[in-house]
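> below is the sequence, then the predicted model.
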Amino acid sequence: MQTVKLLIVDDDPDVLLAAKLLLKRHIGQVDIEKNPDKLPFLLGNTRYDAILLDMNFTRDVSSGKEGFDWLDRILDADPTARVVLFTAYGDVEMAVRAIKAGAVDFVLKPWENDKLVDVIKTAIAGKQDGADGNNVPRRGTSGSTAPADRFIAQSAAMRQIAETVERVAPTDANILILGENGTGKDVLAREIHRLSNRREKPFVCADLGALPDSLFESELFGHVRGAFTDARDDRAGRFEEAQGGTIFLDEIGNVGLAQQARLLTVLQQRQVTRVGSNKPRNVDVRLVCATNADLNARVMDRSFRQDLLYRINTIELHIPPLRQRPDDIGPLAEHFLRIYRKQYNRPVGQISPELLKHLKQYAWPGNVRELQHAIERAVILARGNSLTPDDFFFGSSPSAMQNGSGLPGNDTLQIEDMERRMIQQAMQKHGGNITDVARELGLSRQALYRRMEKYGL
Ligand SMILES: Nc1ncnc2c1ncn2[C@@H]1O[C@H](COP(=O)(O)OP(=O)(O)OP(=O)(O)O)[C@@H](O)[C@H]1O
């Protein structure tokens, strides 16, 4: 059997030595390197089963940028590389990003020996056992922000919307979707297209909120070569791309008055004229628009044209914020858990009733998107095989909790939460130095350790 090989890269010689002494007892060959610039050379010469990489080299102490660059380069050279990151306390956010970018796991410094050995062994096992599906390119799993191919509608309000959508989707009626950011307007627009007779044709999304006025016409209606300096070729706009299908105009409330007039003409005539051309082209598209703005108020203050509003809102669907439909929280959380458990290959089980209670108490100002990210983070960070409230960072502003306290509902939890936060803050302040943290909090080191264990810190 071949010797298992591990490479550790960290610019702190003490870390290198301590980690090597520990891991050598479990792994055939442990190479250490202080200078990350040597990585290309080392990787060119030896095929490592896992690489333990520091995120913060002295040149770039806190941002982790250098660590990310190296992670990138390692994965460029070998997309199946199993990279585990060493991160300092307080860098959990960075660790989450790194796993999304393709690292297999992370270990916080100062590390627990058993944990470090465990993580490295798991990383190596994944490399060796191609058959379990772990040895796939790590990059393939990264960066997805839109996992929802399913439209979850459990609450009474959402079930009613789903029913309306089933009825109106097969018609060609223009639909306006209203709702706060992250409530699911985009998913609903796709659902409308999926249930329509146009489902085999394109669904084209134009984010009008992100479109500068100068590009509005050419992006939506296209241009001909030479129409302006950068127009090197003829190009169809979004309306033409959506021919026969659905065009989804997101953030329509952000469009200026001049652009509103152009849009209205196109919608009335069902024709677009590419910038620089005088030849109108017929377009056959189903129109779905969305906004988080109050368009009626905008009509009143004359910043949105009433005739355009009437043109786009034949059917109006209002998605309530997540805090007003707690019955959707459980099914959505389970849905995201299934997706991320698979994506990050983490053995995380169900959402416990206790956690669900917490999730329902929180007000989710960022709506479903915030819930999605919270579950993604929790799956990445989970220590055991079940998610607990400690795996979540609930916003602490008074308005963030439904009960108005900023903390979960009962007294014991409030005190524990405060204690946990005080330890976290002190850890951050002292860069994870246990002696200093214990001194600041007036605790013995043992008492501090006991509490850290209790809170999973
Ligand atoms: N009912 C739902 N079922 C499944 N996933 C959902 C649902 N609602 C929202 N999501 C997921 O939540 C995330 C945010 O949803 P989406 O982008 O549709 O929100 P939005 O209202 O269009 O946001 P914005 O106003 O910022 O554009 C997406 O990843 C989406 O997949």
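It's in.
> quick one, strands of this structure?
5-9, 29-33, 50-54, 83-88, 105-109, 175-178, 203-207, 246-250, 271-273, 280-282, 286-291, 315-318 (DSSP state E).
> okay if I get those as TSV plus mean neighbour count and mean pLDDT?
Using the backbone N, CA and C atoms, a C-beta is placed for each residue, glycine as well. Listed next are the strands of the chain as TSV, based on neighbours: other Cβ atoms under 10 Å; pLDDT from 0 to 100:
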stretch	mean neighbour count	mean pLDDT
strand 5-9	22	94
strand 29-33	17	94
strand 50-54	27	93
strand 83-88	24	85
strand 105-109	21	84
strand 175-178	24	98
strand 203-207	18	94
strand 246-250	25	96
strand 271-273	19	96
strand 280-282	14	96
strand 286-291	26	97
strand 315-318	16	97
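> how about a markdown table for those strands, with distance to the ligand added?
Shown next, in a markdown table, are the strands of the chain (distance: least, Cβ to the nearest ligand atom, whole Å):
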| stretch | distance to the ligand |
| --- | --- |
| strand 5-9 | 35 |
| strand 29-33 | 40 |
| strand 50-54 | 30 |
| strand 83-88 | 26 |
| strand 105-109 | 24 |
| strand 175-178 | 8 |
| strand 203-207 | 8 |
| strand 246-250 | 6 |
| strand 271-273 | 24 |
| strand 280-282 | 29 |
| strand 286-291 | 6 |
| strand 315-318 | 11 |
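> residue 155: which of those strands is closest?
Across these, residue 155 has its closest neighbour in strand 315-318 (13.4 Å, Cβ to Cβ).
> work out the gap between the closest one and the centre of the chain.
Here strand 315-318 is found 27 Å from its chain centre; the criterion is Cα atoms, centre = their mean, to the nearest Å.
> for that strand, packing partners?
Applying 3 or more Cβ pairs under 8 Å, 6 or more residues apart in numbering; DSSP states H and E, one finds that strand 315-318 contacts helix 156-168, strand 175-178.
> among the ones you listed, which is the most enclosed?
Mean neighbour count (mean count of other Cβ atoms under 10 Å) peaks for strand 175-178 among those, with a mean of 24.
> helices or strands up against it?
helix 185-194, strand 286-291, strand 315-318.
> paired strands for that strand, with orientation please.
Within its sheet, strand 175-178 is paired with strand 286-291 (parallel), strand 315-318 (parallel), according to DSSP bridges.
> can you list the ones you listed in TSV and add distance to residue 19?
Putting these into TSV (distance: least, Cβ to Cβ, whole Å) gives the following:
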stretch	distance to residue 19
strand 286-291	51
strand 315-318	55
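> out of these, nearest to residue 277?
When the strands paired with strand 175-178 are compared (using Cβ to Cβ), the closest one is strand 286-291, at 22.5 Å.
> next, the angle from that closest one to helix 185-194.
170 degrees (axes from the mean of the first three to the mean of the last three Cα atoms, to 10 degrees).
> and the angle from strand 286-291 to strand 203-207?
Using the same axes, to 10 degrees: strand 286-291 against strand 203-207 is 30 degrees.
> contacts for strand 286-291?
Residues outside strand 286-291 that contact it (Cβ atoms under 8 Å, 6 or more residues apart in numbering): 172, 174-179, 185-186, 189, 192-193, 196, 198, 245-254, 267, 312-313.
> please redo it, this time with the cut-off set to 7 Å
172, 174-178, 185, 189, 192, 196, 198, 246-253, 267, 312 (Cβ atoms under 7 Å, 6 or more residues apart in numbering).
> next: stretch 319-328.
152, 154-155, 157-158, 161, 177, 179-180, 183-185, 188, 329, 360, 363-364, 367-368, 371, 402.
> could you list the buried residues of that stretch?
Neighbour-count burial for stretch 319-328, counted by 16 or more other Cβ atoms under 10 Å, picks out 319-323, 325-326, 328.
> run through the stretch 101-250 of the chain and note the low-pLDDT ranges.
Applying pLDDT under 70 to the stretch 101-250 of the chain flags residues 127-149.
> let me have the buried residues of stretch 319-328 in TSV, extended by distance to residue 236 and pLDDT.
Output for those, formatted as TSV (distance: Cβ to Cβ, whole Å; pLDDT from 0 to 100):
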residue	distance to residue 236	pLDDT
319	31	97
320	37	97
321	37	96
322	37	96
323	42	95
325	39	97
326	44	96
328	38	97
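> distance to residue 215 added to the strands of the chain, as a markdown table?
Converted to a markdown table, the strands of the chain look like this (distance: least, Cβ to Cβ, whole Å):
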| stretch | distance to residue 215 |
| --- | --- |
| strand 5-9 | 44 |
| strand 29-33 | 48 |
| strand 50-54 | 41 |
| strand 83-88 | 39 |
| strand 105-109 | 40 |
| strand 175-178 | 24 |
| strand 203-207 | 11 |
| strand 246-250 | 15 |
| strand 271-273 | 15 |
| strand 280-282 | 19 |
| strand 286-291 | 19 |
| strand 315-318 | 28 |
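> nearest to residue 238, of those?
The nearest among those, by Cβ to Cβ, is strand 203-207 at 4.5 Å.
> so what touches the closest one?
190, 193, 219-220, 238, 241-242, 245-251.
> what's the domain layout of the protein?
Listed domain ranges for the chain are 5-141, 156-320, 333-455 (source: automatic domain parsing).
> chain neighbours aside, what residue packs nearest to residue 195?
Sequence neighbours aside, residue 169 is the residue nearest to residue 195 in space, at 3.7 Å (criterion: Cβ to Cβ, 6 or more residues apart in numbering).
> now the one you found: how far from residue 184?
Using Cβ to Cβ, to the nearest Å, residue 169 is found at 16 Å from residue 184.
> just confirm residue 55 contacts residue 83, I think it does.
No. Using Cβ atoms under 7 Å, residue 55 makes no contact with residue 83, being 10.5 Å away.
> contacts only, for residue 218.
Residue 218 touches 237, 275, counting by Cβ under 7 Å, 6+ apart.
> roughly how far apart are it and the ligand?
Counting by Cβ to the nearest ligand atom, to the nearest Å, the gap from residue 218 to the ligand is 23 Å.
> circling back: out of the buried residues of stretch 319-328, which touch the ligand?
The subset of the buried residues of stretch 319-328 within reach of the ligand, counting by Cβ under 6 Å from any ligand atom, is empty.
> shaky segments in the stretch 301-450 of the chain?
Counting by pLDDT under 70, the ranges of the stretch 301-450 of the chain that qualify are 393-416, 444-446, 450.
> could you tell me which residues of it lie near the ligand?
By the rule Cβ under 6 Å from any ligand atom, the part of the stretch 301-450 of the chain lying against the ligand is 368-369, 372.
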